[in-house]
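Student: here is my input; please provide its structure:
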Amino acid sequence: MKIGFCMLLWTTSIGAEHKRLLEEIKATGYDGVEVPIFDGMPEDYFQIGRMLDDLELGRTAISVIPTADKNILSHDAADRQRGEDYLKWLVDCAASLGADGIGGPLHQTLGHFSGTGTTRDEFEYARQVHQTVGDYAKANGQVIALEAVNRFETYFANCMADLCAYTRSCNHPAIKTMYDTFHANIEEQDPIDAFTRHADEIVHVHISENDRGVPGRGHIPWTETLKAIKASGYDRWLTIEAFGRGLPELAAATRVWRDFAESPEAYVREGFECIRQNWDAA
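Tutor: Residues are numbered from 1 along each chain as shown. Below is the predicted model of the structure:
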């Protein structure tokens, strides 16, 4: 098991100016970080990867499909092609970064709604794109971890049962799923059972408190959650995803209207302790 921290608490674009912060994350005991990929070129992420190598920090990557003209659920074939090209660009950047994989709601444009549930055609559109991109990801040493995101942000597949049924239908080794404790707390009737029943499809885990604040300060049952994850044999990343108001545009997108902690350091320090102590005790 490896413990990571998502850099979206501070930035959507890592650079040399974040080296001291990364050193502090490493000193706390983290094994790596989750790197946002929202813009730039593969060469930019190669340089970030070199910096992380020097700091002996592992890494995963995170992104979203940002605009409707790249929506892979669209009835417009041109939109779906742009979405496919965008996902391949993400793979190129993640591979240059040296990431273990890339996750997020990479099944539809974030925050874009049709007004109904996902249709059979939309599932088929997504499957065609993901199988093609899956081949590209596999050839570049990447796995895409699709995220079950709550109903207020997406509509494609809000719970793990639906998302894992979809990835099983894709039947591709590079198209798997991510489990996020924040979203599961909203959508699952039994969040822990939702992980356990679908552990075979899960390749990444986001550790996120019920308010997206400091892990351990809310009501997510961390002892039981991490015990179940450990019992499943899962041995990959447990990455803290938390949000604050430091980035106004991202705060608006994630509906963060108040501070959840007195400082970013509290997220880093207490979050690490929450994972480490509960995992060791499991």
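Student: doesn't Gly103 fall inside a strand?
Tutor: Yes - membership of Gly103 in a strand is supported by DSSP: H, G, I helix; E, B strand; the rest coil.
Student: tell me who's in contact with it.
Tutor: Thr60, Ala61, Ile62, Ile144, Ala145, Leu146, Glu147, Met178, His204, His206 (Cβ atoms under 8 Å, 6 or more residues apart in numbering). All C-beta spots, glycine's among them, are computed from the backbone N, C-alpha and C.
Student: redo the residues you listed as CSV? Include secondary structure, neighbour count and distance to Met51.
Tutor: Shown next, in CSV, are these (DSSP: H, G, I helix; E, B strand; the rest coil; neighbours: other Cβ atoms under 10 Å; distance: Cβ to Cβ, whole Å):
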residue, secondary structure, neighbour count, distance to Met51
Thr60, strand, 26, 16
Ala61, strand, 26, 15
Ile62, strand, 28, 18
Ile144, strand, 31, 24
Ala145, strand, 29, 24
Leu146, strand, 27, 28
Glu147, strand, 24, 26
Met178, strand, 29, 25
His204, strand, 28, 22
His206, strand, 25, 24
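Student: take the residues you listed and lay them out in JSON lines including pLDDT and distance to His18.
Tutor: Below are the contacts of Gly103 laid out as JSON lines (pLDDT from 0 to 100; distance: Cβ to Cβ, whole Å):
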{"residue": "Thr60", "pLDDT": "98", "distance to His18": "16"}
{"residue": "Ala61", "pLDDT": "98", "distance to His18": "15"}
{"residue": "Ile62", "pLDDT": "98", "distance to His18": "15"}
{"residue": "Ile144", "pLDDT": "98", "distance to His18": "25"}
{"residue": "Ala145", "pLDDT": "98", "distance to His18": "24"}
{"residue": "Leu146", "pLDDT": "98", "distance to His18": "27"}
{"residue": "Glu147", "pLDDT": "98", "distance to His18": "24"}
{"residue": "Met178", "pLDDT": "98", "distance to His18": "24"}
{"residue": "His204", "pLDDT": "98", "distance to His18": "22"}
{"residue": "His206", "pLDDT": "98", "distance to His18": "20"}
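Student: out of the residues you listed, give me the two with the largest separation.
Tutor: Ile144 and His206 (14.9 Å; Cβ to Cβ).
Student: first-to-last residue distance for stretch 12-29?
Tutor: End-to-end distance for stretch 12-29: 23 Å, by Cα to Cα, to the nearest Å.
Student: residues in contact with it?
Tutor: For stretch 12-29, the surrounding residues in contact (Cβ under 8 Å, 6+ apart) are 3, 5, 7, 10-11, 33, 35-36, 38-40, 48, 51-52, 55-57, 247, 250, 265, 268-269, 272, 276.
Student: show me where the stretch 1-150 of the chain has its strands.
Tutor: 2-6, 32-36, 58-62, 102-104, 144-147 (DSSP state E, counting those that start in this stretch).
Student: what's the first helix or strand after the least confident helix or strand in the chain by mean pLDDT?
Tutor: Every helix and strand in the chain was compared by mean pLDDT, DSSP states H and E; the lowest is helix 248-253, with a mean of 73. Reading on from helix 248-253 to the C-terminus, the next helix or strand found by DSSP states H and E is helix 264-281.
Student: which residues touch that following helix?
Tutor: Here helix 264-281 has contacts from 1, 3, 5, 9-10, 24-25, 28-30, 207, 213-217, 222-223, 225-227, 230, 238, 240, 242, 244, 246, 261, using Cβ under 8 Å, 6+ apart.
Student: any weak-confidence spans in the chain?
Tutor: In the predicted model of the chain, residues 251 satisfy pLDDT under 70.
Student: run a quick neighbour tally on Thr181.
Tutor: Residues within reach of Thr181, counting by other Cβ atoms under 10 Å, total 26.
Student: how near is it to Gly83?
Tutor: 28 Å (Cβ to Cβ, to the nearest Å).
Student: just Phe152 next, same as before
Tutor: From Phe152 to Gly83 the distance is 22 Å (Cβ to Cβ).
Student: also Ala261?
Tutor: 36 Å.
Student: so between these two, which is more surrounded?
Tutor: Taking neighbours as other Cβ under 10 Å, Ala261 and Gly83 compare with Gly83 leading, 27 against 17.
Student: without its sequence neighbours, what residue ends up closest to the more buried one?
Tutor: Closest residue to Gly83 apart from its sequence neighbours, by Cβ to Cβ, 6 or more residues apart in numbering: Ile72 at 3.8 Å.
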